[in-house]
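Visitor: following is a predicted model, sequence given first.
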Amino acid sequence: MAHSKETGQLLDAELLRYARQILLDGWDIDAQLRLKASRVVMIGAGGLGCPASETLVRAGLGQVQLIDDDVIEASNLQRQTLFLPEDMGKPKALTAAEMLNKINPLINARGTVARLSEDNAYELLDMASGKPDLLLDCTDNFATRDIINRISVRYQIPLLSASAIAMQGQLALYEPHLDTGCYHCVFGSVMPDAEADERTCANSGVLASTTAIMGSLQANAALQYLGLTKNPLTNKLLIWDGSQMQQRLMGYRKDAHCPVCAEHFTIHD
């Protein structure tokens with residue numbers, strides 16, 4: 001593997017691979033170096049995690065960890081683009097990481113077969129080595145998103161949360177260290193045990209293009225955040241409607257009484 005632990009310079013192979021990106025107005029060598037030095041943890045290696053991680057890896061993200069406890073099934077192949085028919089029955093996280101390392105041997109992708117919780121977050125996120133630069137929520141249910149949000153606030157890690165179902169999607173990038181609100185501020189009225197929130201891709205369906213588009217939008221926001229240190233969604237919720245080919249931004253404010261982030265505190269385990 002040609003991966004270099006040096007983040008202060010780009011290898012010749014990296015300059016060649018990322019040449020079209022480095023030519024962009026507003027994206028230069030420094031942006032590429034910041035991306036190379038970044039570590040991202042993705043929770044969910046399915047319909048959203050596959051396109052988001054592939055785009056980030058192709059663009060030069062230095063380190064990505066995928067956390068997922070599921071295995072590949074036939075119904076996943078319709079939209080989970082890192083998997084092949086012969087992968088059925090294999091762990092999603094490990095299979096996705098293996099494919100990502102093949103796609104770009106200049107990066108470091110690893111998979112963790114586990115279900116993230118508040119109890120195991122410190123260990124699974126490898127917090128002893130330092131906080132990840134960004135969490136990507138690529139899951140498909142409120143209960144899990146609520147847990148990820150609590151972890152984000154607890155450890156003050158930026159959270160880029162995407163959702164996709166049917167022909168609709170949503171995207172937001174929360175920065176708890178700036179105290180500008182969290183996932184619960186926006187969606188707190190829906191409780192994890194509410195029947196109304198039990199809609200998932202498994203029981204409600206999803207068009208293959210929905211996850212591809214939302215995963216790409218998630219990667220786009222992550223690239224700007226990591227490479228340009230810019231949040232293109234500050235206090236904004238992006239809502240995408242594929243059936244109408246429409247996209248809009250909805251503003252939100254921090255809930256002064258939010259039980260998750262109103263009086264947040266950082267825990268050092």
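Guide: Thanks, I have the structure now.

Visitor: quick one: which helix or strand includes Arg145?
Guide: Element membership for Arg145, per DSSP states H and E: helix 142-155.

Visitor: hmm, who's touching whatever helix or strand Arg20 lives in?
Guide: Under the criterion of DSSP H and E, Arg20 resides in helix 19-22. Helix 19-22 has contacts (CB atoms under 8 Å, 6 or more residues apart in numbering) with Leu15, Trp27, Asp28, Ile29, Ala31, Gln32, Ala59, Gly60. For every residue, glycine as well, the C-beta is placed using N, CA and C.

Visitor: may I see the buried residues of that helix?
Guide: Across helix 19-22, burial judged by 16 or more other CB atoms under 10 Å covers Gln21, Ile22.

Visitor: so how far is that helix off the chain centroid?
Guide: From the chain centre to the centre of helix 19-22 is a distance of 23 Å (CA atoms, centre = their mean, to the nearest Å).

Visitor: and it, average pLDDT?
Guide: For helix 19-22, the mean pLDDT works out to 96.

Visitor: also stretch 80-89?
Guide: For stretch 80-89, mean pLDDT rounds to 98.

Visitor: what residue ranges in the stretch 101-250 of the chain score low on pLDDT?
Guide: For the stretch 101-250 of the chain, the stretches with pLDDT under 70 are 189-203.

Visitor: give me that answer again for 90
Guide: The model of the stretch 101-250 of the chain has pLDDT under 90 over residues 188-205.

Visitor: which residues in it form strands?
Guide: Secondary structure of the stretch 101-250 of the chain (DSSP state E, counting those that start in this stretch): strands at 108-112, 134-137, 159-165, 168-174, 236-241, 246-251.

Visitor: list the helices and strands the last one packs on?
Guide: What it means is strand 246-251. Here strand 246-251 touches strand 236-241, going by 3 or more CB pairs under 8 Å, 6 or more residues apart in numbering; DSSP states H and E.
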